[in-house]
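Enquirer: My questions are about this predicted structure, shown below with the sequence.
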Amino acid sequence: MNLNDRANSLYGLKQWGKGYFSVNENGELCVLPERLEKSRISLPDVINEVKTQGIELPVVVRFHDILRSEVKNLNTTFNQIIKESGYTGNFFGVYPIKVNQMREVVEEIVDAGAEYKYGLEAGSKAELLSVLALNTTADTLTIANGYKDNDYMKLVLLGRKLGRKVIVVIEKFSDLKKIVELSKEMNIEPMIGLRTKISTKGGGKWSESGGEKAKFGLTHVELLKAVHYLDSQGMRHTIKLLHYHIGSQVPNIQTIKDAVIEATRIYGELHRIGVSIDYLDVGGGLGIDYDGSKSTHFSSINYTNEMYISNIIYGIKDICEEMEVPEPDIVTESGRAISAHHSCIITEAIDKIDHTKHDMPLDPEPDCHHLVKNILDIITDISHDTPLESFNDALSIKSQSEDAFKLGVLSLSEKALIEAGFWRICKILKEKVSEMEYIPEDFKDFNVQLSTQYLCNFSVFQSLPDTWAVEQLTPIMPIARLNETPTEHATLVDITCDSDGKIDRFVGNKGNKQTIKLHDLIEGEPYHIGFFLTGAYQDVMGDMHNLFGRVNEVHVFNDEEDDSNFYIEEVIKGSSASKVLASMQYHPEHMAYVIKRQLDDLVSKRELSPREGVRLIDFYEDCLESYTYLKSSQRSL
Ligand SMILES: *Cc1c(COP(=O)(O)O)cnc(C)c1O
């Protein structure tokens, strides 16, 4: 099997990688920012460079060229299918910055999208402030969504004054009066979008954005009321756009189709009553195949970008032809699909928790409890019995021993012997099973029971919030040694003190799995694990659980001139402990002062030498200024 096929069967690489990743002859995971083998960037090389620059792990690695590829891909595919189909409208996409608001990310998208007149979407006042400063051309759209106060509306009108195509989307009827009054007051004509509630629901984890109970949007009654109201104000012509959004990560293409048909009907009906609308905005929802299963599972999608685009274009076209109304320009607000692939988080497995490795000798006292004897008998007979028999017997004795201990029947050393015997059995079975070609169905749990926990230097809450909150599957794999067969069935735990800070569902090549195959750790050699497709929502949404702050970040660019093929343009330092503490209202200087005063006290009582006192306070202050994650020198096996 070649290395790419192996990485696919172990980690689903080809299925979620979208052609952006491949394994080189040294077993290193590479990024292909333009999906071309000739410009391959080795991730281990990037991590070496990161470490050489003194940047600690975990680190977010962004590939700006992937962002550019995605922007280009979306726009060219739309333009191509529009051309093929003879559709008479144009495509004017916008990127919703809430998906990843990092300035460099948005700037890259704006720059890559300029030739396609690709615009931006804001969902709050702060986001609009950002978008007004970044999207400065007159021919791209700016869409202002979300609930609005007067300041938000005035910012929209300021954008209009600057000559921009800023469309204010009305999410609730009362907002309409506000915008009409303000535009008259400021003497600036608005461009109005109406968000409609449609009955088609998105499906998946974010389906509450659609349907009648959605928190945003106008009902059909309100839609007509809005038209009449604007008519009465002599402003019917300011209605420029019809908007809907049925939720993010829509798993099923049929839902996309149903929604666009329903919305186009509304567009057509409005046209019939004399409201000619320029743009039909189909919102977001274009999904990512995180688990590579091409299914309607909430971490997957059963369609490609091309199918999505084609269904939108032909969906609108068919209904418009039937209703004999002009074909509108199409707006999409795809965020996830643009930004998910461009970033990943790389960290180090610093240790593993493996109970099967112990050095307790299994020599009981002659008069020990019969449960101890029983478990040792299993070991003696292990070659005669089937693995499943041995395992089930061992499991049953282990559970009896727990009760026996609680009742005071077993001593602590007898209990420890049973535990040690149990893990010894597991270890023997593990080897037996790994040699088996076919693993019986009812034995699958065994791998889970026996899995080793790899302790990874990162926080699930900071870096993979959706994995914790909505059980989103995240593609995970080691970035090196992909030419070696991994031997361990593992789950991952993070360094927070929270039992939820773990990962025990992984992408496999057929559906998801409860364990991931990893390599054994080698003393003195770091083992790097990557978490992929984290560019949408994940790396901007994390929280500071346990005061683990933002992660260090590097921006990697493709460099054709350079042998190593890449350069790191930007390093953004993650949070120091003092920064995280300050955000929680602590005063780091005062904290240091408290410690210093106590140390001074000890010095004056001669319980501490002055030199030692200075050393300790310096150490405390250093820790305040350091990264919140573990220093890698702490790795021990
Ligand atoms: C969140 C959101 C989007 C982005 O959706 P994706 O599925 O990430 O593309 C687009 N439009 C609106 C109104 C949103 O709330």
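Expert: That came through, no problem.

Enquirer: nearest residue to the residue of the chain found nearest the ligand other than its sequence neighbours?
Expert: As assessed by C-beta to the nearest ligand atom, the ligand sits closest to residue 284 within the chain, at 2.1 Å. Where you see a C-beta, it was placed from the backbone N, CA and C, and this is true even at glycine. Spatial nearest neighbour of residue 284, chain neighbours left out: residue 333 (4.7 Å); criterion: C-beta to C-beta, 6 or more residues apart in numbering.

Enquirer: Need the per-residue pLDDT for the one you found.
Expert: If you check residue 333, the pLDDT there is 98.

Enquirer: Up against the ligand, what does the stretch 201-350 of the chain have?
Expert: Counting by C-beta under 6 Å from any ligand atom, the residues of the stretch 201-350 of the chain close to the ligand are 245, 248-249, 283-286, 333-336.

Enquirer: Among those residues, which pair sits farthest apart?
Expert: Spatial extent of those (C-beta to C-beta) is set by the pair 249 and 333 at 13.5 Å.

Enquirer: So the two - more neighbours on which side?
Expert: The neighbour count for residue 249 versus residue 333, taken as other C-beta atoms under 10 Å, is higher for residue 249 (28 against 25).

Enquirer: Send me the longest helix along the chain as PDB with only the CA atoms.
Expert: Secondary structure of the chain per DSSP state H: the longest helix is helix 412-435. Taking Å, rounded to 0.1, in the frame of the first residue of the first chain, the C-alpha atoms of helix 412-435 are listed here in PDB:
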ATOM      1  CA  LEU A 412      -5.100  -3.500  49.100                       C
ATOM      2  CA  SER A 413      -2.200  -5.700  47.900                       C
ATOM      3  CA  GLU A 414      -4.500  -8.400  46.700                       C
ATOM      4  CA  LYS A 415      -6.600  -5.800  44.900                       C
ATOM      5  CA  ALA A 416      -3.500  -4.400  43.300                       C
ATOM      6  CA  LEU A 417      -2.400  -7.900  42.200                       C
ATOM      7  CA  ILE A 418      -5.800  -8.400  40.500                       C
ATOM      8  CA  GLU A 419      -5.500  -5.100  38.700                       C
ATOM      9  CA  ALA A 420      -1.900  -5.900  37.600                       C
ATOM     10  CA  GLY A 421      -3.000  -9.300  36.400                       C
ATOM     11  CA  PHE A 422      -5.800  -7.800  34.500                       C
ATOM     12  CA  TRP A 423      -3.600  -5.400  32.700                       C
ATOM     13  CA  ARG A 424      -1.100  -8.100  32.000                       C
ATOM     14  CA  ILE A 425      -3.800 -10.100  30.300                       C
ATOM     15  CA  CYS A 426      -4.800  -7.100  28.300                       C
ATOM     16  CA  LYS A 427      -1.200  -6.700  27.200                       C
ATOM     17  CA  ILE A 428      -0.900 -10.300  26.000                       C
ATOM     18  CA  LEU A 429      -4.300 -10.100  24.200                       C
ATOM     19  CA  LYS A 430      -3.300  -6.800  22.600                       C
ATOM     20  CA  GLU A 431      -0.400  -8.500  20.900                       C
ATOM     21  CA  LYS A 432      -2.500 -11.500  20.000                       C
ATOM     22  CA  VAL A 433      -5.200  -9.400  18.500                       C
ATOM     23  CA  SER A 434      -2.800  -7.200  16.500                       C
ATOM     24  CA  GLU A 435      -1.600 -10.400  14.700                       C
END
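
Enquirer: Give the buried residues for that helix.
Expert: Across helix 412-435, burial judged by 16 or more other C-beta atoms under 10 Å covers 414-415, 417-430, 433.

Enquirer: Get me the contact residues on the stretch 1-150 of the chain for the ligand.
Expert: So the stretch 1-150 of the chain meets the ligand at 96, 98-99, 123, 145 (C-beta under 6 Å from any ligand atom).

Enquirer: between those, which is nearest residue 269?
Expert: The closest of these, once distances to residue 269 are taken by C-beta to C-beta, is residue 145, at 22.8 Å.

Enquirer: Using CSV, write out the CA atom coordinates for the helix or strand of the chain with the lowest mean pLDDT.
Expert: Least confident element among the helices and strands of the chain, by mean pLDDT, DSSP states H and E: helix 444-449 (a mean of 72). Output in CSV follows, covering the C-alpha atoms of helix 444-449 (Å, rounded to 0.1, in the frame of the first residue of the first chain):
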residue,chain,number,x,y,z
LYS,A,444,-14.2,-4.2,18.8
ASP,A,445,-14.8,-2.8,22.3
PHE,A,446,-11.6,-4.4,23.4
ASN,A,447,-9.6,-1.8,21.5
VAL,A,448,-11.5,0.9,23.3
GLN,A,449,-11.0,-0.8,26.7
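
Enquirer: Show me which residues of that helix are buried.
Expert: Residues 446-447 are the ones in helix 444-449 that count as buried (16+ other C-beta under 10 Å).

Enquirer: So which elements touch that helix?
Expert: Secondary-structure packing of helix 444-449 (3 or more C-beta pairs under 8 Å, 6 or more residues apart in numbering; DSSP states H and E): helix 387-406, helix 412-435, strand 488-493.

Enquirer: Turn the residues of the stretch 201-350 of the chain next to the ligand into CSV, columns for secondary structure.
Expert: Below are those laid out as CSV (DSSP: H, G, I helix; E, B strand; the rest coil):
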residue, secondary structure
245, coil
248, coil
249, coil
283, coil
284, coil
285, coil
286, coil
333, coil
334, coil
335, coil
336, helix
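
Enquirer: The helix or strand where residue 110 lies: how far from the chain's middle?
Expert: Assessed by DSSP states H and E, residue 110 sits inside helix 103-113. Centroid displacement of helix 103-113 relative to its chain, using C-alpha atoms, centre = their mean, to the nearest Å, is 19 Å.

Enquirer: what pLDDT, on average, does it get?
Expert: If you average the pLDDT over helix 103-113, you get 97.

Enquirer: on that earlier part again, my read is that the residue of the chain closest to the ligand contacts residue 336, right?
Expert: Yes - the pair residue 284 and residue 336 passes the contact test of C-beta atoms under 8 Å, sitting 6.9 Å apart.

Enquirer: of those two, who's got more company?
Expert: Neighbours per residue (other C-beta under 10 Å) separate residue 284 from residue 336, with residue 284 holding more: 27 against 23.

Enquirer: give me every residue that touches that one.
Expert: 96, 245, 247-248, 332-336 (C-beta atoms under 8 Å, 6 or more residues apart in numbering).

Enquirer: could you redo the last one with a cut-off of 6 Å?
Expert: Applying C-beta atoms under 6 Å, 6 or more residues apart in numbering, we find residue 284 in contact with 245, 248, 333-335.
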